[in-house]
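>>> I need the structure of the sequence given here:
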Amino acid sequence: MRFTIHSYYFCLLCFLCWTSPNGVFSQATLVQPPNAAPSQGRVERLNYFPSAFVTARNVDVWLPSDYNPEKKYGVIYMHDGQNLFDGNSTWNQQEWGIDESVAAYNSSISSTKKNQTDSSNSDLSPKTEYIVVGIWNDGVNRHSNYFPQKVYESLTAKEKAAIMEAKRQNQSDVFHNPINSDDYLKFIVYELRPLINKTYSTHTDPAHTIIGGSSMGGLISMYGICEYPGVFGTAACFSTHWPGIFEMKNNPIPDAMVRYFKNKIPDPIDHKFLFTHGTEGLDALYGPTQKRIDQIMAKSGYEIDKYLVDGAFLAGEWKTQVDQGLGHEESTWQKQFKDNIGFLLMPTPSTKDPDMLDTNQ
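Below you'll find the model as predicted:
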């Protein structure tokens, strides 16, 4: 399998180097550390995945230790992929612990299936094991890749100009390049996802396809499910950075985010959202906008904490979790992911046969 993957990359790499007018590797800023060494399962790294839409970047594919190509797995696509599996290989020595959480979930599903004795109820609340696709950010373009492009385009010319001049607290620029999140999503949907579905044994329907991340990664996850509701069934938005930049005074972005979400929220019959945030640091900024988003969820038909038998969630389920005293860091997201993994990985209702769907959708 490794030979097949690497051969594909070599061919695609040559093609893009010769045909891309922008030079897909010219802006890559990644530093190549050793592969992540998760405590559970294994990681297969797709080195500097080439794209016609965005700069090349690493993609880490986490597989359970008992990965079996004869079974089908759901897929979790997560942003900031370098921070997910191994704190020893991250810039801040912190991690989400995604491998431990998903491995424990997969193990519980596998055990349940082995012990299933009542075949008449076997399809009442179908559960699936998952793999995880960790998409690295490329550093300098992270904010440009993750900021919802149509939200930006809805602003006035004066507002756009002010936002592109925004600074961080250390006075460095927030945006180093134009916003291109529409292209970032095209990279995931039209380049990465078809390869994942071809290389690994996966369910391809929205019911088993999750998009998730934290901070700006939470924003692009919200944007991703709104732009591609036929691809993603669940969005996991941790510490969603509703301000967009790092200044709240005269900031038009939260209002624009709310307007966009109200107009683009997916149908509750077959989609699901998780929103979380803490109360310290940057997370202290998120509460007011999140309450407005929650109001839209409720008015759009999404319901909270409604269950069917065997722990299955009703269609249109959503959850907002606020953790008092927690801040903007991986330890918070590790806890929140672990808290909600059953909610996130329960497939949303699907009106189509997964095996009949176009994997290039």
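>>> what helices and strands are in contact with the one helix or strand residue 220 maps to?
With elements taken from DSSP states H and E, the one containing residue 220 is helix 216-227. If you count contacts as 3 or more C-beta pairs under 8 Å, 6 or more residues apart in numbering; DSSP states H and E, helix 216-227 packs onto helix 142-146, helix 149-153, helix 181-186, strand 209-214, strand 234-238, helix 253-264, strand 272-278. (C-beta placed from N, C-alpha, C; glycine too.)
>>> of all the ones you listed, which lies closest to residue 331?
strand 272-278 (10.1 Å; C-beta to C-beta).
>>> what's the offset of that closest one from the middle of its chain?
12 Å (C-alpha atoms, centre = their mean, to the nearest Å).
>>> what angle separates it from helix 216-227?
160 degrees (axes from the mean of the first three to the mean of the last three C-alpha atoms, to 10 degrees).
>>> which strands border strand 272-278, and is each parallel or antiparallel?
Strand 272-278 has the following strand partners under DSSP bridges: strand 234-238 (parallel), strand 318-323 (parallel).
>>> right, so those strands: which one is the most enclosed?
strand 234-238 (a mean of 28; mean count of other C-beta atoms under 10 Å).
>>> what angle sits between that one and strand 209-214?
Going by the same axes, to 10 degrees, strand 234-238 makes 10 degrees with strand 209-214.
>>> ok so, going back, next, format the helices and strands packed on helix 216-227 as JSON lines and append mean pLDDT.
Output for those, formatted as JSON lines (pLDDT from 0 to 100):
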{"stretch": "helix 142-146", "mean pLDDT": "98"}
{"stretch": "helix 149-153", "mean pLDDT": "98"}
{"stretch": "helix 181-186", "mean pLDDT": "98"}
{"stretch": "strand 209-214", "mean pLDDT": "98"}
{"stretch": "strand 234-238", "mean pLDDT": "98"}
{"stretch": "helix 253-264", "mean pLDDT": "98"}
{"stretch": "strand 272-278", "mean pLDDT": "97"}
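>>> out of the ones you listed, flag the one nearest residue 59.
helix 181-186 (13.0 Å).
>>> that closest one: which residues count as buried?
181, 184-186 (16 or more other C-beta atoms under 10 Å).
>>> which one of those residues is nearest residue 173?
Of the buried residues of helix 181-186, the one sitting nearest to residue 173 (C-beta to C-beta) turns out to be residue 181, at 17.3 Å.
>>> for the closest one, give me its contacts.
144-149, 220, 223 (C-beta atoms under 8 Å, 6 or more residues apart in numbering).
>>> one more time with 6 Å, if that's ok
Residue 181 makes contact with 145, 147-149, 220, according to C-beta atoms under 6 Å, 6 or more residues apart in numbering.
>>> ok, now residue 236?
212, 274, 344.
>>> could you report the distance from it to residue 252?
Applying C-beta to C-beta, to the nearest Å, the value for residue 236 to residue 252 is 27 Å.
>>> re the thing from before, and of the contacts of residue 236, the nearest to residue 48?
The closest of the contacts of residue 236, once distances to residue 48 are taken by C-beta to C-beta, is residue 212, at 22.9 Å.
>>> what is that closest one paired to in the beta sheet?
The partner residues for residue 212, given DSSP bridges, come to residue 78, residue 236.
>>> burial measure for it, as a count.
Neighbourhood size, residue 212 [other C-beta atoms under 10 Å]: 27.
>>> quick check: it touching residue 220?
No: between residue 212 and residue 220 there is no contact under C-beta atoms under 6 Å: 9.8 Å.
>>> report the contact partners of residue 212.
78, 221, 236.
>>> can you list these in TSV and add distance to residue 159?
Listed next are these as TSV, based on distance: C-beta to C-beta, whole Å:
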residue	distance to residue 159
78	30
221	24
236	29
